[in-house]
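A.B. asks: sequence first, predicted model second:
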Amino acid sequence: MALLPIVQYPDPRLAQKAVPVEQFDEKLAKLAADMAETMYAAPGVGLAANQVGELIRMVVIDISEEKNDLKVLVNPFIEASSGELVECEEGCLSLPGIYEKVKRPSHVKIKYQNLQGEHCELECDELMSVCAQHELDHLDGVVFIDHLSMLKKQRAATKLAKLRKEKARAAKRADAE
């Protein structure tokens, strides 16, 4: 397994729609394993393939405290969602340090394929519902700040740029020491 570089906003790959997976092989299984390792190391609870530069419809999710309940969803789509919306604070590995409240359906039913190509479904509520919807958005070229008002989105982008500058200055100081 290998750690993969995480694509950072506003990289154009994050705005592209991912294509369906047609080959269920060792290469796909290795990518899923590498994505899981990358997600755990980040640390995060979900990661979409386009966040590591692969424009295919696959996500990995593990919301467990023990990090022992990995779900790999290939070609996932939301079949049904509740009318009830919940507001939850979200963050994203492609926008580190940015957290905003987003409203999403409280419950979704997802259909997907596993790594063997078998058709499955997953009932999601609470954190799993939020995480799954967030990751499936990525597959359609949507990042969570796209759900915000234009003003909030601009503020988030400005804050992200500031955080990156501060990180670069800190790295430069560390190199100089």
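C.D. replies: Thanks, I have it. Numbers count the residues shown, from 1 in each chain.
A.B. asks: mind listing what's buried in the helix or strand bottoming out on mean pLDDT in the chain?
C.D. replies: Lowest mean confidence among the helices and strands of the chain (mean pLDDT, DSSP states H and E): helix 150-176, at a mean of 90. Neighbour-count burial for helix 150-176 flags 153, 156, 160 (criterion: 16 or more other Cβ atoms under 10 Å). C-beta here means a position set from N, CA and C on the backbone, and glycine is covered the same way.
A.B. asks: and if you look at stretch 80-89?
C.D. replies: Buried, per 16+ other Cβ under 10 Å, within stretch 80-89: 81, 88.
A.B. asks: and the helices in this structure, which stretches?
C.D. replies: Ranges of helices within the chain are 26-41, 126-139, 150-176, based on DSSP state H.
A.B. asks: how far is the first one from where the chain is centred?
C.D. replies: On the basis of Cα atoms, centre = their mean, to the nearest Å, helix 26-41 sits 13 Å off its chain's mean C-alpha point.
A.B. asks: what mean pLDDT does it get?
C.D. replies: Computed over helix 26-41, the mean pLDDT rounds to 98.
A.B. asks: going forward, begin numbering at 10 instead of 1
C.D. replies: Sure, I'll start numbering at 10, so the last one becomes helix 35-50.
A.B. asks: in this protein, where's the longest strand?
C.D. replies: In the chain, assigned by DSSP state E, the strand with the most residues is strand 80-90.
A.B. asks: which helices and strands does that one pack with?
C.D. replies: Packing partners of strand 80-90 (3 or more Cβ pairs under 8 Å, 6 or more residues apart in numbering; DSSP states H and E): helix 35-50, strand 67-70, strand 116-122, strand 128-134, helix 135-148.
A.B. asks: pLDDT score assigned to Val61?
C.D. replies: With respect to pLDDT, Val61 scores 98.
A.B. asks: contact partners for it?
C.D. replies: Shown in contact with Val61 (Cβ atoms under 8 Å, 6 or more residues apart in numbering): 13-16, 40, 43-44, 47.
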